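Student: sharing a sequence plus its predicted fold:
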Amino acid sequence: MNHNSMENKMKEALESLYAICLGADGVAPQKRIQARENIDALRMLCAYQTFDVEATRRENVGLRDMIQSKKKPRRKE
């Protein structure tokens, strides 16, 4: 899942939650279920994004270590 796709899904989920919450006084049970499902989807997207950022950070640290530990080639004179 790419960054733009994830942002669009999060935006859609939030917009849906706002629409449902604006009429919260007389919200039907079906709407509450829909709101709960949207919140769960948003939570999963956030968890996935956090996991992805952490994995990228760990990978970058490993790559930096590999680059720094490599010896520079000597020039022939």
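Tutor: Sure, I can see it. Residues are numbered from 1 along each chain as shown.

Student: tally of neighbours for Ala13?
Tutor: Per other Cβ atoms under 10 Å, the neighbour tally for Ala13 reads 19. Any C-beta I mention is one placed from the backbone N, CA and C, and that applies to glycine too.

Student: contacts for stretch 30-45?
Tutor: Met6, Lys9, Met10, Ala13, Leu14, Ser16, Leu17, Ile20, Cys21, Gly23, Val27 (Cβ atoms under 8 Å, 6 or more residues apart in numbering).

Student: can you rerun that using 7 Å?
Tutor: Contacts to stretch 30-45, defined as Cβ atoms under 7 Å, 6 or more residues apart in numbering, come from residues Met6, Lys9, Met10, Ala13, Leu14, Ser16, Leu17, Ile20.

Student: what's the next secondary structure element after the helix or strand where Ser5 lies?
Tutor: Assigned by DSSP states H and E, Ser5 belongs to helix 3-22. Counting by DSSP H and E, the element after helix 3-22 in chain order, helix or strand, is helix 29-69.
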